[in-house]
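*Asks:* Fold the following and give me the result.
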Amino acid sequence: MKKRMALLLAIILVALVFVGCAQDAGEAAEVAPEAGESNEAGDVTTDVLVIGGGGAGLVSGITAAENGSDVILVEKMPMLGGNTLISATGFTASDTVLHEEAGVPFTVEDHIDRTMTEGKELPNLELVTLLAEESSSATDWLLSLGLSYEVRVDEPWWIVPTEGHFGSQMIAAYREEAAKHSNFDIRVNNKATELVVEDGKVVGAMVEDTDGNEYTIKANSVILATGGFGNAPELIGEYNPKYAGGTGVMSTAGPTGDGFRMAVAIGADVVDMEHNMMRPLATPGYWIRETVISEEGIGGILVNKGAVRFTDETQHRWDMVPDVAAQEEGIAFVIFDQDVADTSNGQAAIKNAHSRMVEADTVEALAAELEIDAETLQATIDAYNNGEDEFGRATMGKVKAAPFYGFQVEPSSHYTMGGIAINRDAEVLDTDGNPIPGLYAVSEVTGGLYGAGRVAGNNTLENVVFGKIAGANAAGK
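*Replies:* From the prediction side, this is the model:
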């Protein structure tokens, strides 16, 4: 537990640094008051209450404010941004002006097909179609904020920043846009604890400020944008026991399932909860590509604290998760040699493992640094190099070329694919399939768009497409 808390605190500190960088880069005005500043008079009333200050929450709040509503956004963390802040990739979109300019096609139909195929045909086709059809206008809006993107020609579904850190740029742009609206009140260090329901309609939420004072925000509409539950392993394990024991090291500290729990408590339905995107080789803030232990001919191995192999390193990453979680302390060690280190994914692993990465000229020295038994590790590597395998690897590799590399990994939630059920208007549905009056939800707190697999980048697009839908509908437009 102490180790996990230390990791989470480290991630918070990194996020705080990104916020500072984002403000400097975007010259965004400060829009978040000091904790408790706006609620000195006690309970307050507004038109729209947004719960969660990540990318989805900010887009929802901006849209509602643009449509003339008074908006209050509460964020339990001391900063805005959520997991969007640490996103370092891009987003997926189709038939955009950027595709036209680049002369590289990726159509709405391509987008829908890719999303449904990746999700094993389980996603809600109506929601997927809406996401793809609105992706071009979402891109236009992002460009209008001054953000600069380009199409990755070899992977035309990817829209990537022309330079700089994607997540911090995006949050800086959202903060700057939010600051233009005097009717948009943002409160950090304020945690929503319970939805308020009157006569079957959601009319606000109970909120706790940084001093533990509880007050009520009454609203005509409430938007849940609290993210997933990457830092709620018990919730992940409740819906899929084989993933129990995962950590939240790939996430910021905020996504603990708050909005999900609040919605379910008042009768919201859920969808695809058994499908959580997990990574077996996670380090703080990153996931290591499994090819470093699976690539034919050169792949390394995965060992536990006893310095022995325990799984088929070539199986699907989701199937490897429970094997890693079952090891002592729920951790394992990736071991590979210089031949793997010379590959692009090997270089990425060395970079992303940061302080966990150990490099040594001998197996004995590597084991000493990793604090595992050297004699056993050498025997494990020798057996592997001789082609001995009891776990059914599809292909064998080797660990022979010095120097040798090793680092600690653990299974972690990468993305919460299931969640609260919504319709195309971002209204939260009850267990009978009817909208819960006054309640909307957007992005990772929701389910329906991903099924059993997520197209990378659709999640960031979802923040914009469904954030705008939720904001406009909550404002009554």
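*Asks:* Neighbouring strands - and their directions - for the helix or strand hosting Tyr440?
*Replies:* Here Tyr440 sits within strand 435-441, counting by DSSP states H and E. Strand pairing for strand 435-441, determined by DSSP bridges: strand 214-224 (parallel), strand 427-429 (antiparallel).
*Asks:* Out of those, which gets nearest to Ser413?
*Replies:* Ser413 sits nearest to strand 214-224 of all the strands paired with strand 435-441, at 18.7 Å, using CB to CB. (C-beta placed from N, C-alpha, C; glycine too.)
*Asks:* Now do that closest one: distance to the chain's middle.
*Replies:* Centroid separation for strand 214-224 versus its chain: 25 Å, with CA atoms, centre = their mean, to the nearest Å.
*Asks:* so after that strand, what's the next helix or strand?
*Replies:* Counting by DSSP H and E, what follows strand 214-224 is helix 233-239.
*Asks:* Relative to the whole chain's centre, how far out is that following helix?
*Replies:* 16 Å.
*Asks:* Look up which helix or strand the most centrally placed residue in the chain falls in, please.
*Replies:* The chain has Tyr415 as the residue nearest its centroid, 4.7 Å off, counting by CA atoms, centre = their mean. If you go by DSSP H and E, Tyr415 is part of strand 404-416.
*Asks:* quick check, distance from the helix or strand that comes right after that strand to the centre of its chain.
*Replies:* Counting by DSSP H and E, the element after strand 404-416 in chain order, helix or strand, is strand 419-420. The chain centroid and the centroid of strand 419-420 are separated by 15 Å under CA atoms, centre = their mean.
*Asks:* ok, and what's touching strand 419-420?
*Replies:* When contacts are defined by CB atoms under 8 Å, 6 or more residues apart in numbering, strand 419-420 is touched by residues 224, 228, 259-260, 263-264, 268-273, 428-429, 441, 444-448.
*Asks:* Could you list which of the residues you listed belong to helices?
*Replies:* Among the contacts of strand 419-420, the ones falling in helices (DSSP state H) are Gly259, Phe260, Ala263, Val264.
*Asks:* Domain map for the protein?
*Replies:* 2-87+167-275+417-474, 286-413 (automatic domain parsing).
*Asks:* among those, which is nearest Asp95?
*Replies:* Using CB to CB, the domains of the chain put domain 2-87+167-275+417-474 closest to Asp95, at 12.8 Å.
*Asks:* For this protein, which element, helix or strand, carries the lowest mean pLDDT?
*Replies:* Within the chain, no helix or strand scores below helix 2-26, which has a mean of 37 by mean pLDDT, DSSP states H and E.
*Asks:* what's the closest of the ones in helices among the contacts of strand 419-420 to Glu290?
*Replies:* Phe260 (28.5 Å).
*Asks:* what's that closest one in contact with, if anything?
*Replies:* Applying CB under 8 Å, 6+ apart, the residues near Phe260 are Thr226, Gly228, Phe229, Leu235, Val270, Gly419, Ile420, Val445.
*Asks:* and the angle for the strand holding Tyr415 with helix 258-265?
*Replies:* Interaxial angle of strand 404-416 relative to helix 258-265 (axes from the mean of the first three to the mean of the last three CA atoms, to 10 degrees): 40 degrees.
*Asks:* among the contacts of Phe260, which two are most distant?
*Replies:* Pairwise over the contacts of Phe260, using CB to CB, the maximum falls at Thr226 and Val270, 14.3 Å.
*Asks:* higher neighbour count, those two?
*Replies:* Relative neighbour count places Thr226 above the other of Thr226 and Val270, with 35 against 18, counting by other CB atoms under 10 Å.
*Asks:* Can you read off the backbone torsions of that one?
*Replies:* phi -90, psi 0 (degrees, to the nearest 10).
*Asks:* which residues of the stretch 301-450 of the chain fall in helices?
*Replies:* Ranges of helices in the stretch 301-450 of the chain, per DSSP state H, counting those that start in this stretch, are 317-325, 338-341, 344-352, 363-370, 374-385.
*Asks:* Output those helices in JSON lines; the columns should cover mean neighbour count and distance to Met170.
*Replies:* Output for the helices of the stretch 301-450 of the chain, formatted as JSON lines (neighbours: other CB atoms under 10 Å; distance: least, CB to CB, whole Å):
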{"stretch": "helix 317-325", "mean neighbour count": "21", "distance to Met170": "27"}
{"stretch": "helix 338-341", "mean neighbour count": "20", "distance to Met170": "32"}
{"stretch": "helix 344-352", "mean neighbour count": "17", "distance to Met170": "21"}
{"stretch": "helix 363-370", "mean neighbour count": "19", "distance to Met170": "37"}
{"stretch": "helix 374-385", "mean neighbour count": "17", "distance to Met170": "43"}
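*Asks:* Any idea which of the ones you listed gets closest to Lys477?
*Replies:* helix 317-325 (40.5 Å).
*Asks:* State the mean pLDDT of the closest one.
*Replies:* For helix 317-325, mean pLDDT is 91.
*Asks:* returning to that earlier point: ranking the contacts of Phe260 by neighbours, who comes first?
*Replies:* Thr226 (35 neighbours).
*Asks:* Now for the residue with the largest distance to the centre of the chain: which residues touch it?
*Replies:* Here the chain reaches farthest from its C-alpha mean at Asn386, the gap being 40.0 Å by CA atoms, centre = their mean. Contacts for Asn386 (CB under 8 Å, 6+ apart) come out as none.
*Asks:* Distance-wise, check it relative to Thr311.
*Replies:* From Asn386 across to Thr311, the span is 19 Å (CB to CB, to the nearest Å).
*Asks:* where along the stretch 151-300 of the chain do the strands fall?
*Replies:* 158-161, 184-188, 191-198, 201-208, 214-224, 270-271, 276-283, 286-287 (DSSP state E, counting those that start in this stretch).
*Asks:* And for the residue lying closest to Thr89 once chain neighbours are set aside, the neighbour number?
*Replies:* Counting by CB to CB, 6 or more residues apart in numbering, Thr89 lies nearest to Phe166, which is 6.1 Å off, once chain neighbours are set aside. Phe166: 22 surrounding residues under other CB under 10 Å.
*Asks:* for Phe166, what are its contacts?
*Replies:* Ser87, Ala88, Thr89, Gly90, Val160.
*Asks:* from the residues you listed, which ones fall inside strands?
*Replies:* Using DSSP state E, the subset of those located in strands is Val160.
*Asks:* any idea how far Ser60 lies from Ser221?
*Replies:* From Ser60 over to Ser221 (counting by CB to CB), the distance is 10 Å.
*Asks:* ok, Leu122 touching Glu274?
*Replies:* No. Leu122 lies out of contact with Glu274 (CB atoms under 8 Å); the separation is 10.3 Å.
*Asks:* So those two - more neighbours on which side?
*Replies:* Taking other CB under 10 Å, Leu122 and Glu274 do not tie; Leu122 has more neighbours (16 against 13).
*Asks:* would you say the more buried one is within a strand?
*Replies:* No. Counting by DSSP: H, G, I helix; E, B strand; the rest coil, Leu122 is not found in a strand; it is coil.
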